[in-house]
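Just need the structure, nothing else, for what follows:
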Amino acid sequence: MIDTALLTAAASLAGLAIVSAAGLRGWNGWLQLKLRELEQNRPDPEAGAPSGMARIEMADLKERIRKLEAIAAGVDL
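Numbering: from 1, shown residues only. The predicted model follows:
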């Protein structure tokens, strides 16, 4: 007959395969969820929404203009 050690090893291997398959399926589902979240939060390029770097550059330019206007007006900062 079949040895009990061989039967235990085969059952363990089958169980490991099932758990691994379920884990991989869950991981793929989680990745798909995160991709959908990223796609929903992506700004519309046609709407002209500025990127994060463009916003920082714009704020920096506004600050420089404010300082230059203060210098031109003779106000000390």
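
ok, S12 - how many residues close by?
S12 has 10 neighbouring residues, counting by other CB atoms under 10 Å. Every residue, glycine included, has its C-beta placed from N, CA and C.

Quick check: which ranges of the protein have low pLDDT?
Residue ranges of the chain with pLDDT under 70: 1, 43-51, 76-77.

could you show me where the helices are in it, in order?
For the chain, the helices defined by DSSP state H cover 4-41, 52-73.

The residue nearest the centre of the chain and L31, how far apart?
Most central residue of the chain, judged by C-alpha distance to the mean C-alpha position with CA atoms, centre = their mean, is L38 at 6.5 Å. Distance, L38 to L31, using CB to CB, to the nearest Å: 11 Å.

Give me the domain ranges for this structure.
In the assignment given by automatic domain parsing, the structural domains of the chain cover 1-42, 47-77.

how much space is there between the residue nearest to the centre of the chain and T8?
Following CB to CB, the distance that separates L38 from T8 is 45 Å.

again with A21
If you measure A21 against T8 using CB to CB, the figure is 20 Å.

Ok, K34 next?
39 Å.

same check, this time on G74
Counting by CB to CB, the gap between G74 and T8 amounts to 90 Å.

Of those two, which one has the most company?
More neighbours surround T8 than the other of G74 and T8, with 10 against 6 (other CB under 10 Å).
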